[in-house]
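**Q** test case, fold it:
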Amino acid sequence: FQAQWSGKAYWITAVTAIGIGLVAGWYRIHFQNLALHDYEKYINRWLISYSQFTPVERMALALGYASLVMALLQSSFFANCFKAFQAVGKLSLTNYLLQSIFLTWFFTGFGTGSFGKLPQWQLYFLATEVILVQTVLSIFWLRYFDIGPAEWLWRCAYYKKWFPFPKKNNNPISHSATTIS
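**A** Reported below is the predicted structural model:
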(Lines give C-alpha, C1' and ligand atoms only; values in the text may rest on other atoms or scores of the structure.)
Protein backbone atom coordinates (compact mmCIF):
# COMPACT_ATOMS: atom_id res chain seq x y z
CA PHE A 1 0.00 0.00 0.00
CA GLN A 2 2.99 2.33 -0.16
CA ALA A 3 3.38 2.25 -3.96
CA GLN A 4 6.77 0.54 -3.75
CA TRP A 5 6.07 -1.77 -6.69
CA SER A 6 6.03 -0.79 -10.32
CA GLY A 7 2.74 -0.35 -12.10
CA LYS A 8 3.40 -3.52 -14.07
CA ALA A 9 3.85 -5.56 -10.88
CA TYR A 10 0.55 -4.22 -9.51
CA TRP A 11 -1.25 -5.08 -12.78
CA ILE A 12 0.18 -8.62 -12.81
CA THR A 13 -0.76 -9.14 -9.18
CA ALA A 14 -4.25 -7.74 -9.76
CA VAL A 15 -5.00 -9.91 -12.79
CA THR A 16 -3.56 -13.06 -11.19
CA ALA A 17 -5.24 -12.63 -7.81
CA ILE A 18 -8.61 -11.62 -9.25
CA GLY A 19 -8.41 -14.58 -11.62
CA ILE A 20 -7.72 -16.98 -8.75
CA GLY A 21 -10.52 -15.41 -6.69
CA LEU A 22 -13.01 -15.70 -9.55
CA VAL A 23 -12.12 -19.34 -10.20
CA ALA A 24 -12.47 -20.14 -6.50
CA GLY A 25 -15.79 -18.28 -6.46
CA TRP A 26 -17.01 -20.20 -9.50
CA TYR A 27 -16.02 -23.45 -7.80
CA ARG A 28 -17.92 -22.51 -4.65
CA ILE A 29 -21.08 -21.38 -6.42
CA HIS A 30 -21.12 -24.28 -8.90
CA PHE A 31 -20.76 -26.97 -6.27
CA GLN A 32 -23.05 -25.17 -3.87
CA ASN A 33 -25.78 -25.38 -6.50
CA LEU A 34 -25.08 -29.10 -6.91
CA ALA A 35 -25.31 -29.55 -3.16
CA LEU A 36 -28.60 -27.68 -3.00
CA HIS A 37 -30.22 -30.03 -5.52
CA ASP A 38 -29.32 -33.27 -3.73
CA TYR A 39 -27.12 -32.86 -0.67
CA GLU A 40 -26.83 -36.57 0.10
CA LYS A 41 -25.66 -37.33 -3.43
CA TYR A 42 -23.20 -34.41 -3.23
CA ILE A 43 -21.71 -35.66 0.07
CA ASN A 44 -21.27 -39.19 -1.27
CA ARG A 45 -19.57 -38.02 -4.48
CA TRP A 46 -17.35 -35.08 -3.40
CA LEU A 47 -14.81 -35.27 -0.60
CA ILE A 48 -14.16 -31.52 -0.37
CA SER A 49 -16.85 -29.13 0.80
CA TYR A 50 -17.80 -26.39 -1.63
CA SER A 51 -17.03 -23.76 1.00
CA GLN A 52 -13.51 -25.08 1.64
CA PHE A 53 -11.87 -22.49 -0.61
CA THR A 54 -13.94 -19.48 0.52
CA PRO A 55 -11.04 -17.97 2.54
CA VAL A 56 -8.74 -18.35 -0.48
CA GLU A 57 -11.37 -16.71 -2.68
CA ARG A 58 -11.77 -13.77 -0.33
CA MET A 59 -8.03 -13.25 0.23
CA ALA A 60 -7.26 -13.46 -3.48
CA LEU A 61 -10.01 -11.00 -4.39
CA ALA A 62 -8.95 -8.58 -1.64
CA LEU A 63 -5.33 -8.70 -2.81
CA GLY A 64 -6.42 -8.36 -6.43
CA TYR A 65 -8.68 -5.37 -5.80
CA ALA A 66 -6.05 -3.66 -3.64
CA SER A 67 -3.44 -4.19 -6.36
CA LEU A 68 -5.88 -2.89 -8.96
CA VAL A 69 -6.45 0.28 -6.94
CA MET A 70 -2.69 0.77 -6.53
CA ALA A 71 -2.14 0.26 -10.27
CA LEU A 72 -4.88 2.77 -11.08
CA LEU A 73 -3.44 5.28 -8.63
CA GLN A 74 -0.13 5.13 -10.50
CA SER A 75 -1.89 5.51 -13.86
CA SER A 76 -2.05 9.03 -15.28
CA PHE A 77 -5.24 8.13 -17.17
CA PHE A 78 -7.29 8.09 -13.96
CA ALA A 79 -5.76 11.23 -12.42
CA ASN A 80 -8.88 13.37 -13.03
CA CYS A 81 -11.16 10.72 -11.58
CA PHE A 82 -9.10 10.66 -8.42
CA LYS A 83 -9.21 14.47 -8.23
CA ALA A 84 -12.99 14.19 -8.26
CA PHE A 85 -12.84 11.66 -5.43
CA GLN A 86 -10.51 14.03 -3.58
CA ALA A 87 -13.20 16.70 -3.74
CA VAL A 88 -15.77 14.29 -2.34
CA GLY A 89 -13.35 13.34 0.42
CA LYS A 90 -12.77 16.96 1.44
CA LEU A 91 -16.52 17.28 1.99
CA SER A 92 -16.95 13.84 3.51
CA LEU A 93 -19.02 14.87 6.53
CA THR A 94 -21.24 17.17 4.45
CA ASN A 95 -21.72 14.46 1.81
CA TYR A 96 -22.48 11.85 4.46
CA LEU A 97 -25.11 14.04 6.08
CA LEU A 98 -26.70 15.07 2.76
CA GLN A 99 -26.79 11.47 1.58
CA SER A 100 -28.35 10.33 4.84
CA ILE A 101 -30.97 13.07 4.78
CA PHE A 102 -31.88 12.50 1.13
CA LEU A 103 -32.07 8.71 1.33
CA THR A 104 -34.02 8.85 4.60
CA TRP A 105 -36.48 11.20 2.94
CA PHE A 106 -36.63 9.04 -0.19
CA PHE A 107 -37.20 5.70 1.50
CA THR A 108 -39.30 6.54 4.58
CA GLY A 109 -42.95 7.38 5.02
CA PHE A 110 -42.45 11.09 5.64
CA GLY A 111 -40.77 11.32 2.23
CA THR A 112 -41.70 9.37 -0.86
CA GLY A 113 -42.07 6.06 0.99
CA SER A 114 -40.12 4.07 -1.59
CA PHE A 115 -38.67 1.48 0.81
CA GLY A 116 -39.09 -2.01 -0.63
CA LYS A 117 -40.67 -0.72 -3.85
CA LEU A 118 -37.61 -0.59 -6.10
CA PRO A 119 -36.03 -3.65 -7.70
CA GLN A 120 -32.32 -4.26 -7.22
CA TRP A 121 -31.26 -2.82 -10.59
CA GLN A 122 -33.03 0.48 -9.86
CA LEU A 123 -31.23 0.73 -6.52
CA TYR A 124 -27.91 0.54 -8.39
CA PHE A 125 -29.00 3.43 -10.61
CA LEU A 126 -30.14 5.42 -7.56
CA ALA A 127 -26.78 4.87 -5.84
CA THR A 128 -24.94 5.91 -9.01
CA GLU A 129 -27.05 9.05 -9.32
CA VAL A 130 -26.45 10.01 -5.70
CA ILE A 131 -22.70 9.52 -6.12
CA LEU A 132 -22.60 11.56 -9.34
CA VAL A 133 -24.65 14.41 -7.87
CA GLN A 134 -22.49 14.53 -4.76
CA THR A 135 -19.31 14.49 -6.85
CA VAL A 136 -20.48 17.36 -9.05
CA LEU A 137 -21.70 19.39 -6.06
CA SER A 138 -18.42 18.76 -4.21
CA ILE A 139 -16.32 19.93 -7.16
CA PHE A 140 -18.53 23.00 -7.61
CA TRP A 141 -18.48 23.84 -3.88
CA LEU A 142 -14.69 23.58 -3.63
CA ARG A 143 -14.27 26.13 -6.43
CA TYR A 144 -15.53 28.79 -4.03
CA PHE A 145 -14.87 27.42 -0.53
CA ASP A 146 -12.10 25.50 1.20
CA ILE A 147 -14.30 23.24 3.31
CA GLY A 148 -17.92 22.16 3.46
CA PRO A 149 -20.54 23.66 5.77
CA ALA A 150 -20.66 20.61 8.06
CA GLU A 151 -16.85 20.50 8.29
CA TRP A 152 -16.83 24.22 9.14
CA LEU A 153 -19.46 23.75 11.84
CA TRP A 154 -17.55 20.75 13.23
CA ARG A 155 -14.34 22.79 13.32
CA CYS A 156 -16.07 25.65 15.15
CA ALA A 157 -17.50 23.24 17.70
CA TYR A 158 -14.16 21.47 18.17
CA TYR A 159 -12.15 24.64 18.79
CA LYS A 160 -15.06 26.32 20.62
CA LYS A 161 -14.51 29.38 18.48
CA TRP A 162 -16.64 30.97 15.80
CA PHE A 163 -14.57 31.13 12.60
CA PRO A 164 -15.60 33.09 9.55
CA PHE A 165 -16.68 30.77 6.77
CA PRO A 166 -13.52 29.98 4.79
CA LYS A 167 -13.44 31.23 1.22
CA LYS A 168 -11.06 29.79 -1.32
CA ASN A 169 -7.33 30.16 -0.48
CA ASN A 170 -7.99 31.19 3.11
CA ASN A 171 -6.99 29.10 6.08
CA PRO A 172 -9.91 29.03 8.57
CA ILE A 173 -7.62 28.39 11.53
CA SER A 174 -5.52 31.47 10.86
CA HIS A 175 -8.52 33.86 10.96
CA SER A 176 -9.22 35.65 14.16
CA ALA A 177 -11.93 33.77 15.97
CA THR A 178 -14.31 34.62 18.73
CA THR A 179 -14.90 32.22 21.58
CA ILE A 180 -18.32 30.60 21.66
CA SER A 181 -19.91 31.20 25.01
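**Q** contacts and neighbour counts: CA atoms only from here.
**A** OK.
**Q** quick one: the residue nearest to Lys167 when sequence neighbours are not counted and Thr112, what's the gap?
**A** Counting by Cα to Cα, 6 or more residues apart in numbering, Phe145 is the residue found nearest to Lys167 once chain neighbours are left out, at 4.4 Å. With distances taken as Cα to Cα, to the nearest Å, Phe145 is found 32 Å from Thr112.
**Q** cool, and Leu153?
**A** 29 Å.
**Q** Ile18 now?
**A** From Ile18 over to Thr112 the distance is 40 Å, taken as Cα to Cα.
**Q** who's more crowded, Phe145 and Thr112?
**A** For Phe145 versus Thr112, neighbours defined as other Cα atoms under 10 Å are more numerous around Phe145 (15 against 12).
**Q** make sure the more buried one is actually in contact with Lys168.
**A** Yes - counting by Cα atoms under 8 Å, Lys168 is a contact partner of Phe145 at 4.5 Å.
**Q** could you pull out the helices for the chain?
**A** Across the chain, reading from the start of the chain, the helices by DSSP state H fall at 7-37, 39-45, 54-74, 79-90, 92-107, 120-144, 149-159.
**Q** using CSV, lay out these together with mean pLDDT and mean neighbour count.
**A** As requested, those are exported to CSV (pLDDT from 0 to 100; neighbours: other Cα atoms under 10 Å):
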stretch, mean pLDDT, mean neighbour count
helix 7-37, 85, 17
helix 39-45, 65, 12
helix 54-74, 92, 18
helix 79-90, 86, 15
helix 92-107, 94, 16
helix 120-144, 94, 14
helix 149-159, 95, 15
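**Q** thank you, goodbye.
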